[in-house]
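K.L.:
Here is the input, now give the coordinates:
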Amino acid sequence: TGMYIVTSATTDNGTPDILIVHIDCVFHSTHLIPVYSVNFIAHTIGPHDSYNTFNSFYVNKYADHHAFEIA
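P.N.:
This is a model prediction of the structure:
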C-alpha cells in the first residue's frame, strides 16, 4: 500500500509508553486506518472503540490534509 504502519509502544515491563504532546507541537491531524485481521469484526464496534480494538494502524498518506486546515 505504500503506507506506514504504526503501533502503540510499551516499556520493557509491558506498560504503555505514553507522552503528553503540547498542542503547539501538533503539525496536523492524520487519518488512521485499522490493520484488519482475518477474523470477523463485531457489529457492536463503533469509531470510539477503534484504538482499543485494533493493535496497528496504517497512516493514510493519501488523505487530503488541506481539508483540515484552519482558514
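
K.L.:
When you work out contacts or count neighbours from here on, use the C-alpha atoms and nothing else.
P.N.:
Noted.

K.L.:
pull the CA atoms of the lowest-mean-pLDDT helix or strand in the chain into CSV?
P.N.:
Between all helices and strands in the chain, the lowest mean by mean pLDDT, DSSP states H and E belongs to helix 50-53, at a mean of 86. Taking Å, rounded to 0.1, in the frame of the first residue of the first chain, the C-alpha atoms of helix 50-53 are listed here in CSV:
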residue,chain,number,x,y,z
SER,A,50,-11.0,1.6,17.3
TYR,A,51,-8.0,2.4,19.5
ASN,A,52,-8.9,-0.3,22.0
THR,A,53,-9.9,-2.9,19.4
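
K.L.:
Any chance you could list what contacts that helix?
P.N.:
residue 34 (Cα atoms under 8 Å, 6 or more residues apart in numbering).

K.L.:
just checking, next helix/strand downstream of that helix?
P.N.:
Note on helix 50-53: by DSSP states H and E, the next helix or strand toward the C-terminus is strand 56-59.

K.L.:
what packs against that next one?
P.N.:
The contact analysis (3 or more Cα pairs under 8 Å, 6 or more residues apart in numbering; DSSP states H and E) places strand 56-59 against strand 4-7, strand 32-34.

K.L.:
so how far is residue 22 from residue 54?
P.N.:
26 Å (Cα to Cα, to the nearest Å).

K.L.:
And these two? Which one has more around it.
P.N.:
Between residue 54 and residue 22, counted using other Cα atoms under 10 Å, the more crowded position is residue 54 (14 against 7).

K.L.:
wait, doesn't the more buried one sit right on residue 33?
P.N.:
No: at 9.7 Å, residue 54 does not count as touching residue 33 under the criterion of Cα atoms under 8 Å.

K.L.:
Identify the residues contacting the residue nearest the centre of the chain.
P.N.:
Centroid check for the chain by Cα atoms, centre = their mean gives residue 32 as the closest residue, at 4.4 Å. By Cα under 8 Å, 6+ apart, the contact list for residue 32 reads 57-60.
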